[in-house]
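> predicted model and sequence below, questions to follow.
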Amino acid sequence: MEEEKNINNNRFPKINCIVKFGGAAITCKNDFEKIDDENLETVSLQLRQAMIPPGSSKVVGMDWSKRPGVGVVDVTKIDDFEDQPNDNSGKFVVVHGAGSFGHFQASKSGVHKGGLDQPLVKAGFVATRISVTTLNLEIVRALAREGIASIGMSPFSCGWLTSKRNMASANLSSVASAIEAGFIPVLHGDAVLDEVQGCTILSGDVIIRHLAEHLKPDYVVFLVSFLSVQCQWFKHLTESASMAIENSKTDVLGVYDRPPTEPDAVLLREIAVDEDGSWSVLRPTLEEEVQITVAAHDTTGGMVTKISEAAMIAKLGIDVYIVKAATTHSLRAMSGELRDNIPDDWLGTVIRFKNI
């Protein structure tokens, strides 16, 4: 594709999995810039369990800096590294959404629409990056406390560019070098420069698709919390009603055929993707056509982007699992347990290429 002409195509290391930490799964989306500490801790623990073989040595944390509300740093644990064996963990890449970080700054200033010549947009660009990089650091620290050698990597700082909001330049050499050195890159949705409109927001879901194209993981996992896919009969909802559904606290296990607040909402167990990128529900059988809607405040495209990017990944022959974060189902997905067969007791949504 034309917009991908400048993407670096050097040799890339083989990886097991790309994991997306959904913004709503690791932050309190209705509380401005507040992390869901319990969920983030559980997700970080499960990632370590998925990466490191059972029976490995004890966990020795790598965050040796002060934390607000926490006492002095326990530097005595540093000596424990002398007894640590060589790293034998799986190769993973983490990408995370912004949740309650970044979206407010971006939407209020119109960063996603471009126009860096406008003072508000330029200020919003700076404010958005401050917010999302703050979250990125906290996620890296959470992973480091679980003994995961994670490295934060921002698309803007890596020189990634868009053109008319499509990916134009995404040099992956830094990501590849980090993987080969034994690190876990942690990328995030970011404010980036755009060759046509000046700037825009590059979503984590788009980033995952480009990583998948070049790194060719065995599988991709989207860890989610609050999703809503709406059927045809909900398409006339008002903006406020759509936002209320998006912000609801319903327990969500994957992708549904309608707002999960509805009593008859059905979990879509398997979605098949055709060669042209269109998709259909294989399991269960539905009587109504499924239609995706987007919350008006989401500057990254919300579910429209998530499903379309997941479909593009599936076209590459890579299975995509969309599953609720911090559950036994998410651990099974990240561990690769589902690659050969989807057990009936696993709850989530798998998206696959139709010919597989």
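That came through, no problem.
> now do the same for the nearest residue to residue 349 once chain neighbours are set aside: helix, strand or coil?
Spatial nearest neighbour of residue 349, chain neighbours left out: residue 254 (3.6 Å); criterion: C-beta to C-beta, 6 or more residues apart in numbering. Quick note: C-beta positions are derived from backbone N, CA and C, even for glycine. For residue 254, the assignment made with DSSP: H, G, I helix; E, B strand; the rest coil gives coil.
> show the contacting residues for residue 254.
224, 227, 267-269, 322-324, 347-349 (C-beta atoms under 8 Å, 6 or more residues apart in numbering).
> kindly reformat those as JSON lines containing secondary structure and pLDDT.
What follows is these, written out as JSON lines (DSSP: H, G, I helix; E, B strand; the rest coil; pLDDT from 0 to 100):
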{"residue": "224", "secondary structure": "strand", "pLDDT": "89"}
{"residue": "227", "secondary structure": "coil", "pLDDT": "45"}
{"residue": "267", "secondary structure": "strand", "pLDDT": "88"}
{"residue": "268", "secondary structure": "coil", "pLDDT": "88"}
{"residue": "269", "secondary structure": "coil", "pLDDT": "92"}
{"residue": "322", "secondary structure": "strand", "pLDDT": "93"}
{"residue": "323", "secondary structure": "strand", "pLDDT": "94"}
{"residue": "324", "secondary structure": "strand", "pLDDT": "94"}
{"residue": "347", "secondary structure": "coil", "pLDDT": "95"}
{"residue": "348", "secondary structure": "coil", "pLDDT": "94"}
{"residue": "349", "secondary structure": "strand", "pLDDT": "92"}
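> list only buried entries from those.
With burial judged by 16 or more other C-beta atoms under 10 Å, the buried subset of those is 224, 227, 267-269, 322-324, 347-349.
> what's opposite the closest residue to residue 282 other than its chain neighbours in the beta bridge?
Nearest non-adjacent residue to residue 282, counting by C-beta to C-beta, 6+ apart: residue 270, 4.4 Å away. When bridges are called by DSSP bridges, residue 270 pairs up with residue 283, residue 350.
> in this structure residue 52 contacts residue 92, no?
No: with contact defined as C-beta atoms under 8 Å, residue 52 and residue 92 do not form a contacting pair (10.5 Å).
> more crowded one of the two?
The neighbour count for residue 52 versus residue 92, taken as other C-beta atoms under 10 Å, is higher for residue 92 (23 against 18).
> if I look at the more buried one, how far off is residue 317?
According to C-beta to C-beta, to the nearest Å, residue 92 and residue 317 sit 19 Å apart.
> quick one, helices of the stretch 1-150 of the chain?
Applying DSSP state H, counting those that start in this stretch to the stretch 1-150 of the chain gives helices spanning 23-26, 37-51, 103-109, 119-145.
> out of those helices, which is closest to residue 153?
Nearest to residue 153 among the helices of the stretch 1-150 of the chain is helix 119-145 (8.5 Å), distances taken as C-beta to C-beta.
> just checking, what packs against the helix or strand following that closest one?
Using DSSP states H and E, the helix or strand that follows helix 119-145 towards the C-terminus is strand 150-152. Secondary-structure packing of strand 150-152 (3 or more C-beta pairs under 8 Å, 6 or more residues apart in numbering; DSSP states H and E): helix 119-145, strand 184-188.
> low-confidence stretches in the stretch 1-150 of the chain?
Across the stretch 1-150 of the chain, the ranges flagged by pLDDT under 70 are 1-10, 55-57, 71-77, 79-80, 82-88.
> how many residues are close by residue 345?
Neighbourhood size, residue 345 [other C-beta under 10 Å]: 8.
> spell out the secondary structure type for it.
Assigned with three-state DSSP, residue 345 falls in the coil class.
> for residue 115, see how far away it is.
From residue 345 across to residue 115, the span is 51 Å (C-beta to C-beta).
> ok, back up a step: mind checking how far the residue nearest to residue 349 is from residue 21?
Going from residue 254 to residue 21 by C-beta to C-beta gives 16 Å.
> could you find the closest non-adjacent residue to residue 264?
That would be residue 258: by C-beta to C-beta, 6+ apart, it lies 7.5 Å from residue 264.
> follow-up on the earlier one: mind checking the helices of the stretch 1-150 of the chain for the one nearest to residue 78?
helix 119-145 (12.9 Å).
> just checking, what packs against that closest one?
Against helix 119-145 (3+ C-beta pairs under 8 Å, 6+ apart) you get helix 37-51, strand 92-96, helix 103-109, strand 150-152, strand 184-188, strand 190-194, strand 198-202.
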